[in-house]
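A.B. asks: Task: produce atomic coordinates for the following.
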Amino acid sequence: MRRNRLFRWAAIPLGAAVAIVLAGCSQAASQGFLPGTTETTNHTGRIINLWTGSWVILLGVGVITWSLIIWAAVVYRRRRGQTGFPVQMRYNMPLEILYTGIPLILVLGFFAFTARDQAAIEERIEDPDVQIQVYGKRWGWDFNYVDEDVYFQGTQTQEQQNGNDVVDDSIPVLYLPVGQSVEIKLDSRDVAHSFWVLDFLYKKDVYPSKSNYMYFVPQEEGVYMGKCAELCGEFHSLMLFKVAVVSEEEYEAYTQSLRDAGNVGQVGNELDAFSTEPGTGAPGDGELAPEDEESGENDVDTNDLGQEDGE
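C.D. replies: Prediction:
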């Protein structure tokens, strides 16, 4: 009778472990329910393996821990007629070394594999096939195609009238050629943003006055959703974009369409939010028109005002 009860208690964690193993037979579960595939970019396979490998180890630790907890609760439960405290075990050095050493090994192992994969993902490509500069702004994106010397300026994604969806055509699209190495330079025009392509399984912060870089090779054609992953203001949820990974011919046709539309050159930091403040010399900085300079109207030293405010 006692063995039967113990077997029923032990069946709970064993059943959970079997269910987890069987769930892993599906494609979604085999990659940790992450979006995309191992071939979306040259980095996604590495990221998926790190994620799923970590979860397999942690689930194994969890099953062992849960089993020991249940076993101890059943075996050492208070029996009928027992009083007082059970015999206490103290100063078991081998056991203390075991439950201190195992977590330490796990933490060091996770750190080592994460550092290895992060170094590979962040490795700079010295001569990329495609160079893109991305400007994040409240609440849209600008794309400079550096090698082709053309640009695209996006606007905030528009909502449908019912407020439950967005207008798909209003989402800015970044085009990339499949199978070619890409360098993306990330800059912000105002506040901190984050450039996140969901299926690429990687995101990078976008800061004002500091450039960040991403390096990867898109390996599967398709359209992938992206968004700002850093809370940046009122319409943060509408700061969306798409990445269209296309053939080289389609990529060249798209950049030529930008050239035909007159989007030649590069949009720079002259449109940054802080470049139009007084005293910067940029358009809109409050400088006097020639006729006002002659009349002396509105004779205000904006530079002095800016210095006083800075103090």
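A.B. asks: I figured residue 114 hits residue 51, correct?
C.D. replies: No: judged on C-beta atoms under 8 Å, residue 114 makes no contact with residue 51 at a distance of 10.4 Å. Just so you know, the C-beta spots here come from the backbone N, C-alpha and C atoms, and that holds for glycine as well.
A.B. asks: Which one of these two is surrounded by more residues?
C.D. replies: Each of residue 114 and residue 51 has its neighbours counted (other C-beta atoms under 10 Å); residue 51 has more, 15 against 12.
A.B. asks: now for whatever helix or strand the more buried one lives in, which elements pack on it?
C.D. replies: Taking DSSP states H and E as the criterion, residue 51 maps to helix 44-75. Contact here means 3 or more C-beta pairs under 8 Å, 6 or more residues apart in numbering; DSSP states H and E; on that basis helix 44-75 packs against helix 2-23, helix 93-122.
A.B. asks: Mean pLDDT lowest where, among the ones you listed?
C.D. replies: Per-stretch mean pLDDT for the helices and strands packed on helix 44-75 is lowest at helix 2-23 (a mean of 58).
A.B. asks: Past that one, which element shows up next along the chain?
C.D. replies: Using DSSP H and E, the helix or strand that follows helix 2-23 in sequence is helix 27-30.
A.B. asks: Extract the CA atoms of that next one and return them as PDB.
C.D. replies: The C-alpha trace of helix 27-30 is given here as PDB (Å, rounded to 0.1, in the frame of the first residue of the first chain):
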ATOM      1  CA  GLN A  27       8.300  22.500 -34.700                       C
ATOM      2  CA  ALA A  28       7.300  25.500 -32.500                       C
ATOM      3  CA  ALA A  29       8.400  23.700 -29.300                       C
ATOM      4  CA  SER A  30      11.600  22.500 -30.800                       C
END
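A.B. asks: any idea of the mean pLDDT for that helix?
C.D. replies: For helix 27-30, the per-residue pLDDT averages 74.
A.B. asks: repeat for stretch 65-72
C.D. replies: Stretch 65-72 shows a mean pLDDT of 91.
A.B. asks: now that stretch, how far from the centre of its chain.
C.D. replies: Stretch 65-72 sits 37 Å away from the centroid of its parent chain (C-alpha atoms, centre = their mean, to the nearest Å).
A.B. asks: Given the host helix or strand of residue 245, what are its sheet partners and their directions?
C.D. replies: Per DSSP H and E: residue 245 is located in strand 240-246. Strand 240-246 pairs in its sheet with strand 173-177 (parallel), strand 222-228 (antiparallel), by DSSP bridges.
A.B. asks: Name the residues that touch that strand?
C.D. replies: With contact meaning C-beta atoms under 8 Å, 6 or more residues apart in numbering, strand 240-246 is reached by 141, 154, 157, 166, 171-178, 197, 200, 218, 220-228, 254.
A.B. asks: Let's see that with 6 Å instead.
C.D. replies: For strand 240-246, the surrounding residues in contact (C-beta atoms under 6 Å, 6 or more residues apart in numbering) are 141, 157, 171-176, 178, 197, 218, 221-224, 226-227.
A.B. asks: Filter these down to just the buried residues.
C.D. replies: The neighbour-count test (16 or more other C-beta atoms under 10 Å) marks 141, 157, 171-176, 178, 197, 218, 224, 226-227 as buried among the contacts of strand 240-246.
A.B. asks: would JSON lines of the strands paired with strand 240-246 with distance to residue 30 and mean pLDDT be doable?
C.D. replies: Listed next are the strands paired with strand 240-246 as JSON lines, based on distance: least, C-beta to C-beta, whole Å; pLDDT from 0 to 100:
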{"stretch": "strand 173-177", "distance to residue 30": "27", "mean pLDDT": "98"}
{"stretch": "strand 222-228", "distance to residue 30": "20", "mean pLDDT": "97"}
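A.B. asks: ok but residue 124 is inside a strand, no?
C.D. replies: No: Residue 124 is assigned coil when assessed by DSSP: H, G, I helix; E, B strand; the rest coil, not a strand.
A.B. asks: Pick out the residue nearest the middle of this structure.
C.D. replies: Nearest residue to the geometric centre of the chain (C-alpha atoms, centre = their mean): residue 203, 2.8 Å.
A.B. asks: what's the closest non-adjacent residue to that residue?
C.D. replies: Nearest non-adjacent residue to residue 203, counting by C-beta to C-beta, 6 or more residues apart in numbering: residue 196, 3.5 Å away.
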